[in-house]
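S.K.: Just to be clear, the model below is a prediction. Sequence and coordinates:
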Amino acid sequence: MISDSQSAPQLHKNEGIKVRSHYLRGTILEGIADTSTGAIAADDQQVSKFHGLYQQDDRDVRANRRKHKLDKAYSFLARICLPGGVCTPEQWMVMDDLANYCAFNTLKLTTRQAFQLHGILKGNLKEVIQSCNEVAMTTLAACGDVNRNVMCNPNPIASEVHAAVQKVTEEIDAHLKPQTPVFSEMWLDGKPIKLTVPQAAERSKDCGGDEVEPLYGPTYLPRKFKIAVAIPPYNDVDIFANCLGFIALVEAGQLVGFNVTVGGGMGMTHGNEKTFPRLADVLAFCTPDQAVAVAEKIVTIQRDHGNRVERSNARFKYTVERLGKDWIRQELEKRLGYQLEDPRDYKFISNGDRYGWSEGFEGKWHLGLFIEGGRIADLEDKPLKTGMLEIAKVHTGDFRLTGNQNLIIANVAAEDKARIDAMVAQYKLDGYKTASGMRRSQIACVALPTCGLALAESERYLPGLVSDLEVILEEAGLLHDEIIIRSTGCPNGCGRPYLGEIGLVGKVPGKYNLYLGAGFEGERLNKLYRTSITHDQIINELKPILLSYAKEREEGERFGDFTVRQGYVQATTAGNNFHANVVEA
């Protein structure tokens, strides 16, 4: 007899939900057909994430609706994948039109180079998904316990290799999509899913899944999985924050392969030191034609060895932390059936975006725009949404969403630059020219009023904080210095706050944990400096540090490095010591 102490641990409830969903069907359609509520069943809310859909409600009106004994103001978020953030003018125009029928009339650019539409009534979800599919965009696997939208440098200096790297990005993204027929049956009337690259009719057959899901099996992955591809010297996708990464290596203008990174991730839980952000380890080198197979086998390792008991420790970063990168490499090579080379040298210089015009390949030009909070809407004095629609109508190149929530008007012919410049100025899209270095280096997650996990404001808070800090920056002569500041409304880390030279994480309404000391290149996590402080306290804490930085920094020294050198915080050398050596006043 097996004693209770020897019995297998109970799996997290989401594992049962996935099995009972019968390959992601659940009872979502029945819930949508129920007009007595704007919501769907609790289990279906988990399953719908695999379809790229989150049930939300407007938290600004919760109390008033409760007072009048009304149900919450439910609606849905749809996240639309764009591998590498590349978007055609036709796709942009479709997204603009769909946004007109959402509660917020807004296009949201995410920190993973995807689109988000907020405020969709459940009866309109099918039309949204079908409209996206018609122009080779999909919500499938934008969320859920699967691989999500694969990121890629949107505007590298090495533009001549971007096409090759983007192709690998799209191939990985397509290859790792769930294969269940349910998505097509539910939303597309059985029509095929259209992607930017063709999918093999049969794939991942040797991966130990099952007939319906050869790669994932009926329980998919323990948690979400994120992949990014970077082309040095720019790390604008924050590659070390991803479960799996591919650092492109270029020789004589040609893509020769990738350094493979494993085990990155941002999320943690307040008060639980078993959870922590972690930067990925550099594992090995692979050739371009090995990249898809490497991605596939790494996903199977996480499928088989990830934690399905404690969801807070289920991300791949904890699998790598527990088993070690050497074991991961050995197991990867075993599953591949061949050895990989050791990593090669590379160098990153920044994880920010470049603004204004830059010349690319074959005489084409790219214009980097600053989009505060990634929110494209028609504001009273800034008709950004209308402006981007008008540009999409005449633009002959493409658009690229960045991992910092900004936008590039890409592949502009030299003779078209003047017209694009004029339209950018007309519609007030030229904020990059006047924004401070800190403002142009900010990221904020959405948080309130739509995110159910938010403990405090973020997108609606950070711009005002930056305005107050700009007074200090101007006094210190730092107004044009790039200082990376990032904010999230909860510790889950969607805005990658633990890679901010200044990081803010919501604790309760109006109070934030303040972190300092991340590396400018995205290769060092920050460290907790102050806990649960208010807006005024944040200003008071940062003012003397910023003034001191202006006076005492060494030549070329970045703000995060300065705060470590001066002892405001100790350097976080690995994720597992993120919570260690914290000294609070």
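M.R.: Structure's in. What do you need?

S.K.: residue ranges for the helices of the stretch 1-150 of the chain, please.
M.R.: 13-20, 28-33, 42-47, 62-67, 89-99, 125-134 (DSSP state H, counting those that start in this stretch).

S.K.: How much space separates the residue most central in space within the chain from Val212?
M.R.: What sits nearest the mean C-alpha location of the chain, by CA atoms, centre = their mean, is Arg112, with 3.0 Å. Using CB to CB, to the nearest Å, Arg112 is found at 27 Å from Val212. C-beta: built from backbone N, CA, C; applies to glycine.

S.K.: how about the strands in the stretch 251-400 of the chain?
M.R.: 254-262, 281-286, 356-359, 365-369, 375-376, 398-401 (DSSP state E, counting those that start in this stretch).

S.K.: try the stretch 101-250 of the chain
M.R.: 107-109, 115-120, 151-152, 227-230, 244-251.

S.K.: Determine which of those strands approaches Asp353 most closely.
M.R.: strand 107-109 (11.6 Å; CB to CB).

S.K.: partners of the closest one in the sheet?
M.R.: strand 115-120 (antiparallel), strand 375-376 (antiparallel) (DSSP bridges).

S.K.: mind putting these in TSV, distance to Pro9 included?
M.R.: Putting the strands paired with strand 107-109 into TSV (distance: least, CB to CB, whole Å) gives the following:
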stretch	distance to Pro9
strand 115-120	35
strand 375-376	43
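
S.K.: okay, the ones you listed in TSV with mean neighbour count and distance to Ser458 next?
M.R.: Listed next are these as TSV, based on neighbours: other CB atoms under 10 Å; distance: least, CB to CB, whole Å:
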stretch	mean neighbour count	distance to Ser458
strand 115-120	24	14
strand 375-376	23	12
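
S.K.: Turn those into CSV, including mean pLDDT.
M.R.: Output for the strands paired with strand 107-109, formatted as CSV (pLDDT from 0 to 100):
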stretch, mean pLDDT
strand 115-120, 97
strand 375-376, 98
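
S.K.: Gly368: which of the ones you listed is closest?
M.R.: strand 375-376 (14.9 Å).

S.K.: residues making contact with the closest one?
M.R.: With contacts defined as CB atoms under 8 Å, 6 or more residues apart in numbering, strand 375-376 is touched by Thr106, Leu107, Lys108, Leu109, Leu384, Lys385, Met388, Leu407, Glu459.

S.K.: before we move on, back to that, need the winner for burial among the strands of the stretch 101-250 of the chain.
M.R.: Most buried of these, by mean neighbour count (mean count of other CB atoms under 10 Å): strand 151-152, with a mean of 30.

S.K.: Show me how the record splits the protein into domains.
M.R.: Following automatic domain parsing, one gets these domains for the chain: 12-143, 145-178+220-352, 356-430, 439-577.

S.K.: quick revisit: distance of the residue nearest to the centre of the chain from Leu340?
M.R.: 26 Å.

S.K.: Quick check: Ala228 touching Val150?
M.R.: Yes. Using CB atoms under 8 Å, Ala228 is in contact with Val150, at 7.1 Å.

S.K.: one step back: out of the domains of the chain, nearest to Ser204?
M.R.: domain 145-178+220-352 (6.0 Å).

S.K.: What is the end-to-end distance of that closest one?
M.R.: End-to-end span of domain 145-178+220-352 (CA to CA, to the nearest Å): 28 Å.

S.K.: cool, and stretch 516-525?
M.R.: Termini of stretch 516-525 sit 9 Å apart (CA to CA).

S.K.: about what we covered before: turn the strands of the stretch 251-400 of the chain into CSV, columns for distance to Leu140.
M.R.: Output for the strands of the stretch 251-400 of the chain, formatted as CSV (distance: least, CB to CB, whole Å):
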stretch, distance to Leu140
strand 254-262, 25
strand 281-286, 26
strand 356-359, 33
strand 365-369, 29
strand 375-376, 23
strand 398-401, 18
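
S.K.: what's the closest of those to Arg62?
M.R.: So among the strands of the stretch 251-400 of the chain, strand 375-376 is nearest, using CB to CB, at 21.9 Å.

S.K.: can you pull out the helices in the stretch 251-400 of the chain?
M.R.: 291-305, 316-323, 325-336, 384-394.

S.K.: Let's have these in a markdown table, adding distance to Ala476.
M.R.: Shown next, in a markdown table, are the helices of the stretch 251-400 of the chain (distance: least, CB to CB, whole Å):
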| stretch | distance to Ala476 |
| --- | --- |
| helix 291-305 | 45 |
| helix 316-323 | 37 |
| helix 325-336 | 41 |
| helix 384-394 | 31 |
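
S.K.: closest one to Gly271 among the ones you listed?
M.R.: Closest among the helices of the stretch 251-400 of the chain, using CB to CB: helix 316-323, at 17.3 Å.

S.K.: mean confidence for that closest one?
M.R.: Averaging pLDDT along helix 316-323 gives 98.

S.K.: Outside of that helix itself, which residues are in contact with it?
M.R.: 223, 225, 243-244, 262-265, 278, 280-281, 298, 301-302, 305-307, 328, 575-576.

S.K.: please redo it, this time with the cut-off set to 6 Å
M.R.: Outside helix 316-323, the residues within contact range by CB atoms under 6 Å, 6 or more residues apart in numbering are Cys243, Val262, Gly263, Gly265, Arg278, Gln302, His305, Gly306, Ile328.

S.K.: could you flag which of these are buried?
M.R.: Cys243, Val262, Gly263, Gly265, Arg278, Gln302, His305, Gly306, Ile328 (16 or more other CB atoms under 10 Å).

S.K.: now the fourth one, which residues is it bridged with?
M.R.: Right, Gly265. So, taking DSSP bridges as the rule, Gly265 has Arg278 as bridge partners.

S.K.: ok, it to Gly431 distance?
M.R.: Distance, Gly265 to Gly431, by CB to CB: 31 Å.

S.K.: now do the fifth one
M.R.: Applying CB to CB, one obtains 34 Å for the distance of Arg278 from Gly431.

S.K.: quick revisit: let me have the contacts of helix 316-323 in a markdown table, extended by distance to Asp173 and pLDDT.
M.R.: Below are these laid out as a markdown table (distance: CB to CB, whole Å; pLDDT from 0 to 100):
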| residue | distance to Asp173 | pLDDT |
| --- | --- | --- |
| Cys243 | 14 | 98 |
| Val262 | 18 | 98 |
| Gly263 | 20 | 98 |
| Gly265 | 19 | 98 |
| Arg278 | 23 | 98 |
| Gln302 | 17 | 98 |
| His305 | 23 | 98 |
| Gly306 | 20 | 98 |
| Ile328 | 22 | 98 |
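
S.K.: quick check, nearest of those residues to Arg20?
M.R.: For those, the nearest to Arg20 is Gly306 (20.0 Å; CB to CB).

S.K.: which one is that closest one nearest to, not counting chain neighbours?
M.R.: Spatial nearest neighbour of Gly306, excluding adjacent residues (CB to CB, 6 or more residues apart in numbering): Pro222 at 3.6 Å.

S.K.: Neighbours of that neighbour, how many?
M.R.: 27 (other CB atoms under 10 Å).

S.K.: Now for it: which residues touch it?
M.R.: Gly306, Asn307, Arg308, Ala314.

S.K.: His22: which of these is nearest?
M.R.: Looking across those and measuring by CB to CB, the closest to His22 is Arg308, at 18.7 Å.

S.K.: okay but the closest one is in contact with Glu15, surely?
M.R.: Yes. Using CB atoms under 6 Å, Arg308 makes contact with Glu15 at a distance of 5.4 Å.

S.K.: Can you tell me the SS state at the closest residue to Met266 other than its chain neighbours?
M.R.: Spatially, and ignoring its direct neighbours in sequence, Met266 is nearest to Gly493 (2.9 Å; CB to CB, 6+ apart). Classification of Gly493 by DSSP: H, G, I helix; E, B strand; the rest coil places it in coil.

S.K.: shaky segments in this protein?
M.R.: Across the chain, the ranges flagged by pLDDT under 70 are 1-7, 156-159, 585.

S.K.: give me every residue that touches the nearest residue to Val282 once chain neighbours are set aside.
M.R.: Sequence neighbours aside, Pro343 is the residue nearest to Val282 in space, at 4.8 Å (criterion: CB to CB, 6+ apart). Residues counted as contacts of Pro343 (CB under 6 Å, 6+ apart) are Asn259, Val282, Phe285.

S.K.: Thanks again, I'm all set now.
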